[in-house]
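Trainee: here's a sequence, model it:
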Amino acid sequence: MSSLSATEAQQLKEQVRRFWNANPCGMKFTEAEFGTRAFFDAVEEHRYRTEGHIKTVVDFPRWKDRQVLEIGCGLGTDGLQFARAGADYLGVDLTETAVKTTESRLRMYGVPGRTQQADAENLPFADNSFDLVYSHGVLHHTPDTPQTIREVYRVLRPEGTAMIMLYHRNSYNYYGNIMFFRRLGSQLLRFSWGPKAVSAVTGEDCTRLEELRARMLRDPQRFFSAAEFLNQNTDGAGNPLARVYSRSEAAAMFHQFSEVETQVHFLNKRWIPLLGSILPQRVELNLAHRWGWHLWIIGKK
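Mentor: Residues are numbered from 1 along each chain as shown. Below you'll find the model as predicted:
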């Protein structure tokens, strides 16, 4: 449960809403004009090329003629797959940008589906409404994640399924990339030449690194705290909230469910120095199933 007061939690949630409204997840992977068909096609290609396990785990055709709720519809990439497969799809998001973008995308590709702005901690739906509640990389960005899981359980029909992806604490990306290499590299941001040097080595956007530098110089103690460093090094500088969970922590939030399975995927190998680009696929997959960044929790009501 969140240790924040109700007022603090609401203020933080508003910061989250503003950040994601301005920075829709996935748009950085293409230079095509936002909202065009070329943009959407490029986003889709990148997503399933780098995270091919999504189609295997979700099995979109399985949900044909079923009521599907996606919490955090983002750019509508997975929502489009549900709708194409014949699901009765409803995508919700805290941000107006995501809702409008997903609605536009469904229309552009000529598939049915609905969108609605909503808060995952207080879903505006009746009990027992959906066969599947799906959320990929969203619920770790809200002040009270356990409350969102209770809401997921509430709106699911008996024997309905929840598929939720949260960031994995016991992963290479958390301990190796973020908490070791990025913390080490961030020391260079103390210097005026630091952002350009880090950008030259890592390929990170220099503007983003300049923003990180400004945040570090304003309050180094806060910047290097574990919680704030995670916030600033997951989904971009200025991200107000991100959390990570172990398998046991995630399973505890799903204690109401009759069956719970956890899976780990996505090694994020581009942040493995030297070896990331040459890892054989079989080795990558084996490592991803143990040290991957994406923790999937699949629960049956």
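Trainee: burial count for the residue nearest to Trp293 when sequence neighbours are not counted?
Mentor: Leaving aside its chain neighbours, Trp293 sits nearest to Asn173 (3.9 Å; criterion: CB to CB, 6 or more residues apart in numbering). C-beta coordinates here come from the backbone N, C-alpha and C atoms, glycine included. Using other CB atoms under 10 Å, the number of residues around Asn173 comes to 24.
Trainee: contacting residues for Asn173?
Mentor: Contacts for Asn173 (CB atoms under 8 Å, 6 or more residues apart in numbering) come out as Leu267, Asn268, Trp271, Gly292, Trp293.
Trainee: can you list the residues you listed in CSV and add secondary structure, neighbour count and distance to Thr50?
Mentor: Converted to CSV, these look like this (DSSP: H, G, I helix; E, B strand; the rest coil; neighbours: other CB atoms under 10 Å; distance: CB to CB, whole Å):
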residue, secondary structure, neighbour count, distance to Thr50
Leu267, coil, 25, 10
Asn268, coil, 19, 9
Trp271, helix, 16, 12
Gly292, coil, 23, 12
Trp293, coil, 24, 11
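Trainee: what's the farthest-apart pair in these?
Mentor: Across the contacts of Asn173, no pair lies farther apart than Trp271 and Gly292, at 12.5 Å, counting by CB to CB.
Trainee: which strands and helices sit next to the lengthiest helix in the chain?
Mentor: Secondary structure of the chain per DSSP state H: the longest helix is helix 6-22. In terms of contacts (3 or more CB pairs under 8 Å, 6 or more residues apart in numbering; DSSP states H and E), helix 6-22 is packed against helix 96-108.
Trainee: quick one: the helix it packs on to helix 6-22, angle?
Mentor: Per axes from the mean of the first three to the mean of the last three CA atoms, to 10 degrees, the angle that helix 96-108 makes with helix 6-22 is 40 degrees.
Trainee: heads up, I number from 18, so please use that
Mentor: With 18 as the first residue, the last one maps to helix 113-125.
Trainee: need the residues that contact helix 113-125.
Mentor: Contacts of helix 113-125 with the rest of the structure, by CB under 8 Å, 6+ apart, involve 37-39, 41, 52, 54, 57, 89-93, 96-97, 100, 108-110, 129-130, 132-134.
Trainee: mind checking which of those residues are in helices?
Mentor: Checking the contacts of helix 113-125 against DSSP H, those in helices are Trp37, Asn38, Ala39, Arg54, Phe57, Gly96, Leu97, Ala100.
Trainee: measure Ser121 to Gly108 for me?
Mentor: 12 Å (CB to CB, to the nearest Å).
Trainee: give me the element Glu87 is part of.
Mentor: Per DSSP states H and E, Glu87 falls inside strand 84-88.
Trainee: what's the offset of that strand from the middle of its chain?
Mentor: Here strand 84-88 is found 16 Å from its chain centre; the criterion is CA atoms, centre = their mean, to the nearest Å.
Trainee: next: stretch 208-224.
Mentor: Centre-to-centre, stretch 208-224 and its host chain are 25 Å apart (CA atoms, centre = their mean).
Trainee: what comes up buried for it?
Mentor: Residues of stretch 208-224 classed as buried: Gly211, Pro212, Val215, Ser216 (neighbour count, 16 or more other CB atoms under 10 Å).
Trainee: gap between the closest residue to the last one other than its chain neighbours and Ala254?
Mentor: Pointing back at Ser216 there. Among residues not flanking Ser216 along the chain, Cys223 sits closest, at 4.4 Å (CB to CB, 6+ apart). According to CB to CB, Cys223 stands 12 Å off from Ala254.
Trainee: what's the answer for Thr114, then?
Mentor: Thr114 is 18 Å from Ala254, where distance means CB to CB.
Trainee: tell me what the strand holding Glu87 is packed against?
Mentor: Where contact means 3+ CB pairs under 8 Å, 6+ apart, strand 84-88 is packed against helix 94-101, strand 105-110, strand 147-153, helix 162-172.
Trainee: partner strands of the shortest one, parallel or antiparallel?
Mentor: Partners of strand 105-110 in the sheet, by DSSP bridges, are strand 84-88 (parallel), strand 131-134 (parallel).
Trainee: returning to that earlier point: ok, the residue nearest to Ser216 - contacts?
Mentor: Pro212, Lys213, Ser216.
Trainee: secondary structure element for the last one?
Mentor: Translated: Ser216. Following DSSP H and E, one finds Ser216 within helix 211-219.
Trainee: against which helices or strands is that helix packed?
Mentor: When contacts are defined as 3+ CB pairs under 8 Å, 6+ apart, helix 211-219 packs onto helix 200-203, helix 223-235.
Trainee: now do 6 Å
Mentor: Other helices and strands packing on helix 211-219, by 3 or more CB pairs under 6 Å, 6 or more residues apart in numbering; DSSP states H and E, are helix 223-235.
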